Every structure is written in structure tokens, then in C-alpha cells.
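**Student:** Model the following, please.
(one chain, ligands or ions: 1)
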Amino acid sequence: MLTDQQYSHFKTFGFVVLRKVFTEDELTLIKDELEQTMATAYAHDPFDGSKRHWTPMFGESTPFFANLLEDPRLCDVAEQLYGDDVIGMLTDANRYVGDTNWHSDTVSIQQYGIKFAFYLDPVGPDSGALRVIPGSHLLPLHETLDSKIGARESVIEDIPSVVCSSEPGDVVAFDLRLWHASVGGSDDRRMCTCVYYNNPKTSEEEEATRKQATNSRKTTAAFHDQDITIYNSHWLSNPSGSPKRKRWIERLHNLEFIRT
Ligand SMILES: O=C(O)CCC(=O)C(=O)O
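**Tutor:** Numbering: from 1, shown residues only. From the prediction side, this is the model:
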């Protein structure tokens, strides 16, 4: 759980850096599961540092990742921030290449939640650490960055920001609406995430979340020329009988993130 100070920091600025969340043993497991899954997912197109590789991590052969959404170190924080009915959405792994321009991760201010991001190598200001614009998860800044500043097209360093330097084991947690970017990272930046969505309560939130579902289906399709789905049959079968996962799966169907 977040302390009162961390909670206020997150609500005000849109992010918080959690230190030493994962142990050395867990990091070894995380790296092994990432390597193994990437090798299988991209057997047709091995990584050569020219473009990002990405894969969901819900497989039977990646038990650490497949159960990570239920891990109280992350799930309790998501519930503390967005309520007990928060929806566990995704765990994934990435091999990023080069800089990432300014953007946020949602289609609308009405659609929000939290991303826990953890890098598997040390990252700093000039080596690909996540940069964030404090307070940009809220209006009016969230919108002004698009309409008046043109942040997406800006030189990344020209926009005032905070650099979230991190060591392996640390986790950068941020509101999905927060504008973020990175500069100077290596051409093989291993980064994993765990994402929870606010469970929409108003009609505006529900409409925005359904729009996000449409976009997320399109993005997934564009990433792979293979038939890889985010929610595979293993994760959906909920082998440990997790009541949380059962509820998430029902809501994911209902909001059409999963289509049968
Ligand atoms: O690490 C990066 O370069 C960017 C990460 C990012 O944009 C994200 O996780 O949404």
C-alpha cells in the first residue's frame, strides 16, 4: 500500500516511484520469462534492434507474470487508488528501441487507471528513464499539452519534466493519462508493465473505456502478424480459482476487451 504521502503525491502529480519492489530472485525469474516468451513470440522475426518487440505475458510457461496482476504489492495499490472494483488488464514485456515521444496511454480523460513499469537495467536521464510531466493526468494541463504546446511533435527535452531514474527491482507507477516519454535509451531496453483500469462508473467513463477497447484490439492486431491474443486460454481458465480474476474476466467481456 502507498503511504499517505505517496498517495497524495500520486493523486497530485500522477506518479510515484516505488523502490526495491522485486527481489534479486524475482528479477532472475522475470528476465528468464521475458527472454523465453520473446523468443517464441518473435521466432519469425528475431530482435535486431531496429523496432520494438512487445508481448503479453499471460502464458502457462510464464507463471510469475501470469499471476502478477493478483500480486498484492501491485493490486493493493491499484485498489487503494481506484477502488476495490479496479480491473486487472494486462502484464506485458517490451524491448524498446531508441527514444519515445511524449504521449499518454488513454484515449480520453474519462478513461484512467495505473501502469506499473519496471525496467530490467538501470536507466537514468540520458539512458532511457521514464520522463513524466507532473500533473498532466489532470485538466487543463492534460489537454493543453496537445492543443497549445503540441507536445507529441516537440523535441522531448524541450518540455519541462521529471526524470524517474530507476534500478532493476524499482517500479515507476503512473496514471495512464499522465504524459510520458524517454530519451537516450539503448536499442534493447527491456521494460515490463502491469496495468489496471478504473472500473467505469458513469456513462462518459463507460463510453471512453469501450472506445479504448476498440483501440486496444486494433493495436494488438497491428503488433503481430501472428495470431497472438492478449487473453490466452490459460489465463482465462483461471487455474488457481482467483475470485479477482473471475470478476476481471467478466468485466473484460462485458466491456468488449475480450470478444468471444
Ligand atoms: O520506456 C519508454 O521508452 C516508454 C514507455 C512507455 O511509453 C509506456 O510504457 O507507455
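**Student:** Can you name the residues bridging to Val171?
**Tutor:** Leu18 (DSSP bridges).
**Student:** For it, give me its contacts.
**Tutor:** Val17, Leu18, Val21, Phe22, Leu74, Phe116, Ala117, Phe118 (CB atoms under 8 Å, 6 or more residues apart in numbering). The C-beta positions use only the backbone N, C-alpha and C, and glycine is treated the same way.
**Student:** burial measure for the third one, as a count.
**Tutor:** So that's Val21. 16 (other CB atoms under 10 Å).
**Student:** Quickly note the distance from the closest residue to Thr209 other than its chain neighbours to Ile87.
**Tutor:** Nearest residue to Thr209, sequence neighbours excluded (CB to CB, 6 or more residues apart in numbering): Pro200, at 4.5 Å. Relative to Ile87, Pro200 is positioned 9 Å away (CB to CB, to the nearest Å).
**Student:** Looking at the two, which is more packed in?
**Tutor:** Ile87 (24 against 20).
**Student:** Make sure the more buried one is actually in contact with Glu250.
**Tutor:** No: using CB atoms under 8 Å, Ile87 is not in contact with Glu250; the gap is 9.8 Å.
**Student:** Tell me if I am right that Ser127 is in a helix.
**Tutor:** No: read with DSSP: H, G, I helix; E, B strand; the rest coil, Ser127 is coil and lies in no helix.
**Student:** end to end, how far does stretch 62-79 reach?
**Tutor:** 24 Å (CA to CA, to the nearest Å).
**Student:** how about the residue nearest to Ile133 when sequence neighbours are not counted, what does it touch?
**Tutor:** Nearest residue to Ile133 in three dimensions, chain neighbours excluded: Trp179, at 4.4 Å (CB to CB, 6+ apart). Trp179 makes contact with Trp102, His103, Ser104, Val132, Ile133, Ser136, His142, Leu145, Ala151, Ile159, according to CB under 8 Å, 6+ apart.
**Student:** Please save the CA atoms from stretch 126-141 in PDB.
**Tutor:** Extracted in PDB, the C-alpha atoms of stretch 126-141 (Å, rounded to 0.1, in the frame of the first residue of the first chain):
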ATOM      1  CA  ASP A 126      20.300  10.100 -20.700                       C
ATOM      2  CA  SER A 127      19.700   6.400 -20.800                       C
ATOM      3  CA  GLY A 128      16.000   5.900 -21.300                       C
ATOM      4  CA  ALA A 129      14.500   6.600 -17.900                       C
ATOM      5  CA  LEU A 130      10.800   7.400 -18.000                       C
ATOM      6  CA  ARG A 131      10.200  11.200 -18.000                       C
ATOM      7  CA  VAL A 132       6.900  12.400 -16.800                       C
ATOM      8  CA  ILE A 133       5.100  15.800 -16.800                       C
ATOM      9  CA  PRO A 134       3.800  16.200 -13.300                       C
ATOM     10  CA  GLY A 135       0.100  16.900 -13.100                       C
ATOM     11  CA  SER A 136      -0.500  16.200 -16.800                       C
ATOM     12  CA  HIS A 137      -3.100  13.500 -15.900                       C
ATOM     13  CA  LEU A 138      -5.500  16.300 -14.900                       C
ATOM     14  CA  LEU A 139      -7.200  19.100 -16.900                       C
ATOM     15  CA  PRO A 140      -6.400  21.600 -18.100                       C
ATOM     16  CA  LEU A 141      -2.700  20.600 -18.500                       C
END
